[in-house]
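>>> this is a predicted model, with the sequence first.
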Amino acid sequence: MKTLNEDCRSRILSEDYTDLMIKYEDALNNIIGEQNNCYDLLNPATAVVYTPIATLPKNFIHLYGYGAIPNCYGLLDIASTEASGVRRVRNIPNLNLQGQGVLIGIVDTGIEYTHDAFKKADGTSKILSIWDQTIESEASRPEGFNYGTEYTQFQINLALASADPLSVVPSVDENGHGTYLAGIAAGTSSQENKFTGVVPDAEIVVVKLKPAKKFIREFFVIPQDVTCFQKNDLMHGINYLVNVAKKVMKPLSLCIGIGTSQGGHDERGALSTYLSTLAAQSGMAVVIAAGNEGNSGHHYYGTADKKIKYNTVELKVGPNEPGFSMELWGTAFNTFSIDLLSPSGEYIPRIPARIGETREIRFIFEKTIINIDYQLLESQSGDELILVRIKNPSEGIWRFRVYVGGDLTLNYHIWLPITQFLNNETYFTEPDPEYTLTSPGNTFVPIVVTAYDHTNDSLYNNASRGYTRNNNIAPIIAAPGVNVIGPALNNGYKTASGSSVAAAHTAGITAMFLEWGIVRGNYTQINSVEIKNLLIRGAKRNPGITYPNKEWGYGILDIYNSFNSLRGENL
C-alpha cells in the first residue's frame, strides 16, 4: 500500500466516495486525473481508487469494467476431530501436532478476544494481533495500511488483565462468525463443553472487516441490514495476515469463510488470482469454504434450442422482495441477449447484444425498475456478462428469453445472489445445483472445502457443488461441517453447520502439516499444493462413488491416512 494523506484516508470510510478496483493497464492515470481521485495499492496489478459518487459517470461499468465495482461477500453458515483423524495423529508421540509455531489467519467478523477459547493456560492471549478495520486510530494503524486500528498481543494481554477489557482494546465481534471459526481451528480445549480446536497451540491473527459501503450495497441491490463485505477490504485483510506472518517468520494457515455468487465463477478474477499466487508460496496454506448454495435454487444452467437459438428461463419472485442482482455469463465464442416478461404481462422486447449496451427499464403497471448492462468482453474473463439489477420486483413468475448468437456454444449460466442476500422465496423454477461454489472458492490452487456430517458420512444438505465454470476441480475435500461445537459470544459454546465450519476445521489440519513440514523441518518448502496432494492421497473414499466428483471432490478428509501414505507402498 502507498501512504495517503489525511484527506485521502477519510475517503476510505466516507459514504460520499465509492471504491473502484482498477488494473494499472486499464487507464489508471486517466481515471485519477479525471476525477481528482486518491488511490491505494492492493497488489502490483490492482489499485483501489476512491471516487466521488457525485461525479461518477452513469456508464462507469462500461468505462472501467465489471471488475471495477467490488463484489460483496457474505457469511457462509449460520466429535469432528475424531472423524478426520486428528486424535489418531495426536496419539502418535512423533506426530503430536498441536500447531506450535504456526499462525491461523482469520479474516471475518472479528473475534471475542476475552473468550476462554483464546487464552493460554496462564491466562494470556493466544491472539498475536487484531486489525479492526472498523475503528479509526491514526496512531495505531497497522504498518503499511491507511485505515483501521491494530491491537498487538501486548495490548490484548493488558486488556485481559484489566477489570474493563474493552476500555483497553475495544474491538468486538458483534456477529460471532469470526469467533466461531477461530475457535474451530485453534481454540483452547474445554472438557466441560466437549470442545477442542484442531490445533490448540497455534497462535491466531485476526482481521475484522469493515462493512460494505452504502453505494456498493445499493448498486448490487443488497439489503442494508445483512452482513456484507467488499472485495478490496478482504484483499487488504489478507495482505495484513501475510505481512504479520512474514514479520514473525512463521507459516500461515489462512481460513476464508465468506463468499459471494457474484463474478465469473472461474479463477480469472483479481482475488482468485491473488489467492492462487499466495497458495503456491512455501509456508502458506490457503483454505476456502465452498459455500452453502447447493439447494438454494439460485443457479440456472441453460442451453438454447439449436433451431430457434433461445430458451426460456422462469424466475419466481417471492413477496416483499426489495430487489436483487442477477448475472448471466456466457462464453466469448457467441453473443447472448435477453428479453423479459413481467408477472403482469408487460413485455420488454429483445435487447440486442452490443458493446456498451445499457438500459434502465421502468414498467407502466408495476413499480419495478430494471437496469441491464451488457459486457460483451468482460475484462477479467474475456467472456460475456449480462448484469441485471432489479429493484422492487413484482411478486410472481418473471420470464426471460435468452438468445444465443452463433453456433459454437449454446450453453450459459445465470446466478442469483447468495442466500443471505435474497428472500428465500425467490429462486429459479428449474434450478441447477451444480456450479454453485461461491467465490473465491472458484479457484485452482487453494484448498476448497465442502461440508459433511461426520456422524453419518452424509453430505451437508445445503453444500455448494462444483465444478468451476471452466470445469477445474473444486471442491477438493469434504470436512466435518454439520452440528460442530465451537465458541459462541459471551464466553459460550454452540453448534453450527456450513462450509465455513468445514474450512475452519481444515485450516487447523493444514496448520498441522505446516508444523510437521516447516517448524519441525521435515519438508521446509511445503505449501498449499503439497498439502492438497497429501489430503487427496489420504482421503477416505466410498468404493461405490467415482472420484473426483462435484459433491465430494476427492473424498473425506483423514489426516492420519495422509501421514500414513508418506510411509510408502508395502510391496
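Now that the structure is in, tell me what you want to look at. Residues are numbered from 1 along each chain as shown.

>>> what ranges do the helices span in the stretch 201-350 of the chain?
Secondary structure of the stretch 201-350 of the chain by DSSP state H, counting those that start in this stretch: the helices cover 214-219, 231-248, 270-279.

>>> same list (these) but as CSV, adding mean neighbour count, mean pLDDT and distance to residue 371.
Using the backbone N, CA and C atoms, a C-beta is placed for each residue, glycine as well. Listed next are the helices of the stretch 201-350 of the chain as CSV, based on neighbours: other Cβ atoms under 10 Å; pLDDT from 0 to 100; distance: least, Cβ to Cβ, whole Å:
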stretch, mean neighbour count, mean pLDDT, distance to residue 371
helix 214-219, 17, 96, 9
helix 231-248, 21, 97, 21
helix 270-279, 21, 94, 24
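
>>> just tell me which of the ones you listed ends up closest to residue 362.
helix 214-219 (17.2 Å; Cβ to Cβ).

>>> I'd like the distance from that closest one to the chain centre, please.
19 Å (Cα atoms, centre = their mean, to the nearest Å).

>>> list of residues touching that helix?
The contact list for helix 214-219, computed with Cβ atoms under 8 Å, 6 or more residues apart in numbering, reads 15, 18-19, 53, 69-70, 72, 222-224, 228, 230, 389.

>>> redo that, cut-off 7 Å
Helix 214-219 is contacted by residues 15, 18, 53, 69, 70, 72, 224, 228, 230 when judged by Cβ atoms under 7 Å, 6 or more residues apart in numbering.

>>> CA atoms only for that helix, dumped as PDB, please.
This file holds the C-alpha atoms of helix 214-219, laid out as PDB (Å, rounded to 0.1, in the frame of the first residue of the first chain):
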ATOM      1  CA  LYS A 214     -23.900   2.000   1.100                       C
ATOM      2  CA  PHE A 215     -23.300   2.800  -2.600                       C
ATOM      3  CA  ILE A 216     -21.900  -0.700  -3.200                       C
ATOM      4  CA  ARG A 217     -24.900  -2.300  -1.500                       C
ATOM      5  CA  GLU A 218     -27.300  -0.200  -3.400                       C
ATOM      6  CA  PHE A 219     -25.600  -0.900  -6.700                       C
END
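
>>> okay, the helices of the stretch 201-350 of the chain in JSON lines with distance to residue 59 next?
Listed next are those as JSON lines, based on distance: least, Cβ to Cβ, whole Å:
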{"stretch": "helix 214-219", "distance to residue 59": "13"}
{"stretch": "helix 231-248", "distance to residue 59": "21"}
{"stretch": "helix 270-279", "distance to residue 59": "22"}
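
>>> all strands for the stretch 251-400 of the chain, in order.
252-256, 258-259, 284-289, 299-303, 310-317, 323-330, 335-341, 347-351, 358-362, 369-375, 384-391, 396-405 (DSSP state E, counting those that start in this stretch).

>>> with distance to residue 531, mean neighbour count and mean pLDDT added, can I get those strands in JSON lines?
What follows is the strands of the stretch 251-400 of the chain, written out as JSON lines (distance: least, Cβ to Cβ, whole Å; neighbours: other Cβ atoms under 10 Å; pLDDT from 0 to 100):
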{"stretch": "strand 252-256", "distance to residue 531": "9", "mean neighbour count": "30", "mean pLDDT": "98"}
{"stretch": "strand 258-259", "distance to residue 531": "21", "mean neighbour count": "28", "mean pLDDT": "97"}
{"stretch": "strand 284-289", "distance to residue 531": "6", "mean neighbour count": "32", "mean pLDDT": "98"}
{"stretch": "strand 299-303", "distance to residue 531": "29", "mean neighbour count": "19", "mean pLDDT": "96"}
{"stretch": "strand 310-317", "distance to residue 531": "40", "mean neighbour count": "18", "mean pLDDT": "97"}
{"stretch": "strand 323-330", "distance to residue 531": "31", "mean neighbour count": "23", "mean pLDDT": "97"}
{"stretch": "strand 335-341", "distance to residue 531": "39", "mean neighbour count": "19", "mean pLDDT": "96"}
{"stretch": "strand 347-351", "distance to residue 531": "47", "mean neighbour count": "13", "mean pLDDT": "96"}
{"stretch": "strand 358-362", "distance to residue 531": "45", "mean neighbour count": "13", "mean pLDDT": "94"}
{"stretch": "strand 369-375", "distance to residue 531": "36", "mean neighbour count": "20", "mean pLDDT": "96"}
{"stretch": "strand 384-391", "distance to residue 531": "34", "mean neighbour count": "22", "mean pLDDT": "96"}
{"stretch": "strand 396-405", "distance to residue 531": "41", "mean neighbour count": "18", "mean pLDDT": "96"}
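
>>> for residue 548, which of those is the nearest?
Nearest to residue 548, of these and by Cβ to Cβ, is strand 284-289 at 16.5 Å.

>>> end to end, how far does stretch 423-437 reach?
19 Å (Cα to Cα, to the nearest Å).

>>> quick check: closest non-adjacent residue to the spatially most central residue of the chain.
Computing the C-alpha centroid of the chain and ranking residues by Cα atoms, centre = their mean puts residue 259 first, at 2.9 Å. Spatially, and ignoring its direct neighbours in sequence, residue 259 is nearest to residue 438 (3.1 Å; Cβ to Cβ, 6 or more residues apart in numbering).

>>> and that neighbour, what does it touch?
Applying Cβ under 7 Å, 6+ apart, one finds that residue 438 lies in contact with 76, 259, 260, 261, 291, 293, 418, 464.

>>> and the least confident of those?
Comparing pLDDT over the contacts of residue 438, the lowest score belongs to residue 76 (78).

>>> do you know how far the closest residue to residue 558 other than its chain neighbours is from residue 189?
Nearest residue to residue 558, sequence neighbours excluded (Cβ to Cβ, 6+ apart): residue 85, at 4.5 Å. Note on residue 85: its distance to residue 189, by Cβ to Cβ, to the nearest Å, is 17 Å.

>>> hang on, isn't residue 560 packed against residue 89?
Yes. Residue 560 lies in contact with residue 89 (Cβ atoms under 7 Å); the separation is 5.4 Å.

>>> these two: which is more packed in?
Shown here are residue 560 and residue 89; by other Cβ atoms under 10 Å, residue 89 has more neighbours (22 against 18).

>>> what's the closest non-adjacent residue to that one?
residue 95 (4.9 Å).

>>> so how far is residue 127 from residue 334?
Counting by Cβ to Cβ - residue 334 and residue 127 are separated by 52 Å.

>>> all strands of the stretch 101-250 of the chain, in order?
Under DSSP E, counting those that start in this stretch, the stretch 101-250 of the chain gives strands at 103-108, 127-132, 149-152, 203-208, 229-230.

>>> and the strands of the stretch 251-400 of the chain as a markdown table, adding distance to residue 567?
Below are the strands of the stretch 251-400 of the chain laid out as a markdown table (distance: least, Cβ to Cβ, whole Å):
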| stretch | distance to residue 567 |
| --- | --- |
| strand 252-256 | 24 |
| strand 258-259 | 37 |
| strand 284-289 | 22 |
| strand 299-303 | 42 |
| strand 310-317 | 53 |
| strand 323-330 | 45 |
| strand 335-341 | 53 |
| strand 347-351 | 62 |
| strand 358-362 | 61 |
| strand 369-375 | 52 |
| strand 384-391 | 49 |
| strand 396-405 | 54 |
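
>>> residues touching the closest residue to residue 295 other than its chain neighbours, list them.
Leaving aside its chain neighbours, residue 295 sits nearest to residue 462 (5.2 Å; criterion: Cβ to Cβ, 6+ apart). By Cβ under 7 Å, 6+ apart, residue 462 lies in contact with 292, 294, 295.

>>> doesn't residue 462 lie inside a helix?
No. Residue 462 is assigned coil when assessed by DSSP: H, G, I helix; E, B strand; the rest coil, not a helix.
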